[in-house]
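# structure for this input, please:
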Amino acid sequence: MEGKYDFGLVGLGVMGRNFILNVADNGFTAFGNDLDTEKVDALIAEGGDTKKVNASTDAKVFVNALSSPRKIMLLVPAGKIVDAVIESLLPFLDKDDIIIDGGNSFFTDTDRREAYLQEKGIHFFGAGVSGGAKGARLGPSIMPGGNREAYQHVKPIFEAVSAKYKGEPCVAYLGPKSAGNYVKMVHNGIEYGLMQLTSEIYDLLKKAGDFSNEELGAIYSKWNEGRLQSFLVEITSKILTQKDDLAEGHLVDQILDKAKQKGTGKWTSQNAMDLGIPVPSIDIAVSMREISALKTERVRADKLYDRPEMEKQDKAELEKLAEEALYFSFIITYAQGLHQLADASNEYGYALDIAVIAKIWRAGCIIRAALLADITEAFQKDRLLPNLLLSPTFVEKVQGTVGSARKLTCLAAANGIPLPGITNSLAYFDAYTSTRLPLNLIQAQRDYFGSHTYERLDREGIFHTEWEK
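A predicted model of the protein is given here:
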């Protein structure tokens, strides 16, 4: 078998199995590896032709089945498992072989692994993969970063298996070191934000507009035909009309309102704070998942406090406000995430091209949306654009929708409906577009109690005042 297979993949769960079959569908031979015999057998059975797709539970057999330089992708859970898999492969690898981490590894782990393997003559890079199980099978968005020369060996395979947007592959080399994993991390943070926003609008329409699930499904379906066209809006329209197989009514009404998370949104939020970049729409999305986990406490608290009497709204007007507020907040969330990418690029030496990132997100990935075509164009026109809100193209889009975001947040507050994603997006916008903020008072307070000094508007220098004389 030696030299026979073009591509190797470790981790034959749903994502791994689908990805390796995608590779085989696109003209490359592939060999899989997993410790689970059942998963190995399932891949061989589904592949149908062992000359194209084969697998083994034995690491040595797996490595020896691949052509040189060996191109091995890992699709295993982030953390210690990645390190364990690498150690299991190392005894059988040769100089210049390539290991690709396709999972959601934290970017500093990728930098550590790259340095470790470089000493052993092995190339290592991270490649974020977005699109879920279906995307892995039919075409994901892929975000590789690391050694550029090593990537050239994998490039034909990745371009073949990736999603296509108007014929363009949704994959591109993004930068050195952990650039790929970092971009995927921020992608996931944006994903958290968009999911939170989408769910808030659903909640508001249901409570303030008394829309049925069927009506809501139709609304999201209609929105998906317009400027809100996106994967998340599309699947929301389908989720809302899904009947329950186990009970009467719609499935969504029987799903427990406790959202889980795997940590990538939290990483985005934490790292943004380290960089000093505000991403409140992403921050609150992480916090809302944490609040949702407090189900028992929420039920107790709900019984202790009165809520305002609900004022039912005109359905047509509410739907219009909701569409515009959601569009506004989508823009703000993308703006925050891309701002973080731009700053991280400078901080970590990634040399990211934001326009290229937006391009490869246009199809295949979870945050794909019609907006990304406009975002791509904005950064192509100004590759040094620090924030999407400074793009002339987006000024008009924001101006035309921010008023609805204001009205909707007021309506939600008056009726006791939590709308934190929309509200934080609006607060961010108002702060970012304010020439003067009240932080002069905070600086005065800091100097008062801690002698932390301050700067002045009317002259250069650092100042301190003896406030109590």
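
# could you use CA atoms for every contact and neighbour count after this?
Fine.

# need the residues that contact the biggest strand by length in the chain.
What stands out as the longest strand in the chain, according to DSSP state E, is strand 123-130. Here strand 123-130 makes contact (C-alpha atoms under 8 Å, 6 or more residues apart in numbering) with 96-104, 110, 113-114, 117-118, 136, 140-147, 150, 177-181, 183-184, 364-366.

# how about a cut-off of 6 Å?
Residues from elsewhere that reach strand 123-130 (C-alpha atoms under 6 Å, 6 or more residues apart in numbering): 96, 98-102, 114, 140-146, 180-181, 184, 365.

# distance of the closest residue to A127 other than its chain neighbours relative to I219?
Of all residues not flanking A127 in the chain, P144 sits nearest, at 3.8 Å (C-alpha to C-alpha, 6 or more residues apart in numbering). Separation of P144 from I219 (C-alpha to C-alpha, to the nearest Å): 36 Å.

# same deal with L90?
In terms of C-alpha to C-alpha, L90 sits 53 Å off from I219.

# same check on D97?
Distance check for D97 against I219: by C-alpha to C-alpha, it reads 51 Å.

# next SSE after the longest strand of the chain?
Moving toward the C-terminus from strand 123-130, the next helix or strand (DSSP states H and E) is helix 132-138.

# run the chain-centre distance for that following helix.
16 Å (C-alpha atoms, centre = their mean, to the nearest Å).

# quick one: the helices in the stretch 301-450 of the chain?
315-348, 354-360, 371-381, 392-399, 402-414, 420-432, 439-450 (DSSP state H, counting those that start in this stretch).

# what does the stretch 1-150 of the chain give?
Counting by DSSP H, counting those that start in this stretch, the helices of the stretch 1-150 of the chain are 14-25, 37-47, 59-64, 80-89, 107-118, 132-138, 148-161.

# chain neighbours aside, what residue packs nearest to R362?
R368 (4.9 Å).

# list the residues that contact the one you found.
S230, F231, W361, R362.

# give the contact list for the closest residue to L35 other than its chain neighbours.
Once flanking residues are discounted, L35 sits nearest to T57: 4.9 Å by C-alpha to C-alpha, 6+ apart. For T57, the contacting residues are N33, D34, L35, by C-alpha under 6 Å, 6+ apart.

# could you redo the last one with a cut-off of 7 Å?
N33, D34, L35, D36, T37, V40 (C-alpha atoms under 7 Å, 6 or more residues apart in numbering).

# again, but for G131
Counted by C-alpha under 7 Å, 6+ apart, G131 has contacts P140, S141, G364, C365, I366.

# likewise for K164?
C170, A363.

# at 10 Å instead, please
G139, P140, S141, C170, V171, I360, R362, A363, G364 (C-alpha atoms under 10 Å, 6 or more residues apart in numbering).

# quick check: the second one vs A293, distance?
Spelled out, that is P140. Distance from P140 to A293, by C-alpha to C-alpha: 31 Å.

# higher neighbour count, these two?
Between P140 and A293, counted using other C-alpha atoms under 10 Å, the more crowded position is P140 (31 against 15).

# the closest residue to the more buried one other than its chain neighbours: neighbouring residues, count only.
Residue nearest to P140 in three dimensions, not counting chain neighbours: G364, with 4.4 Å by C-alpha to C-alpha, 6+ apart. Around G364 sit 28 other residues, with neighbours defined as other C-alpha under 10 Å.

# cool, V183 as well?
29.

# cool, and F429?
17.

# what sits against the residue lying closest to P386 once chain neighbours are set aside?
Excluding the flanking residues, the one nearest P386 by C-alpha to C-alpha, 6+ apart is H339, at 6.3 Å. H339 makes contact with A272, I277, P278, V279, T333, S345, I354, L385, P386, N387, L388, L389, according to C-alpha under 10 Å, 6+ apart.

# ok, Q313 next?
Counted by C-alpha under 10 Å, 6+ apart, Q313 has contacts L205, K207, A208, G209, D210, E319, L411.

# thinking again about what came up before, identify, from the contacts of G131, the entry nearest to E200.
I366 (18.3 Å; C-alpha to C-alpha).

# so what pLDDT did the residue nearest to the closest one when sequence neighbours are not counted get?
Nearest residue to I366, sequence neighbours excluded (C-alpha to C-alpha, 6+ apart): G131, at 5.2 Å. pLDDT, G131: 90.

# any weak-confidence spans in the protein?
Scanning the chain for pLDDT under 70 picks out 1-3.

# again, only using 90
1-4, 46-50, 78-79, 103, 132-135, 258-265, 307, 309-313, 468-469 (pLDDT under 90).

# where does the record place the domain boundaries for it?
Listed domain ranges for the chain are 7-177, 184-432, 438-469 (source: automatic domain parsing).

# ranking those by burial, who's on top?
Sort the domains of the chain by mean neighbour count, taking mean count of other C-alpha atoms under 10 Å, and domain 7-177 sits at the top with a mean of 20.

# where does the residue nearest the centre of the chain land in three-state SS?
The residue lying closest to the centre of the chain (C-alpha atoms, centre = their mean) is N188, at 1.9 Å. Secondary structure, DSSP: H, G, I helix; E, B strand; the rest coil: N188 is helix.

# list the contacts of it.
104, 130, 182, 194, 263-268, 282, 337, 366-367.

# reformat those as TSV; add distance to L457.
Formatted as TSV, the contacts of N188 follow (distance: C-alpha to C-alpha, whole Å):
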residue	distance to L457
N104	45
S130	47
Y182	38
L194	38
G263	42
T264	40
G265	38
K266	37
W267	36
T268	34
I282	32
G337	31
I366	45
I367	42
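
# narrow those to those in strands?
Using DSSP E, S130 are the members of the contacts of N188 that sit in strands.

# of the contacts of N188, which is the nearest to K315?
L194 (23.3 Å).

# ok, so of the contacts of Q313, who is nearest L437?
L411 (25.6 Å).

# so that closest one sits against L204, correct?
Yes: when contacts are counted by C-alpha atoms under 10 Å, L411 is listed as touching L204 (9.3 Å).

# what do the two both touch?
Joint contacts of L411 and L204 (C-alpha under 10 Å, 6+ apart) are L318, I417, L419.
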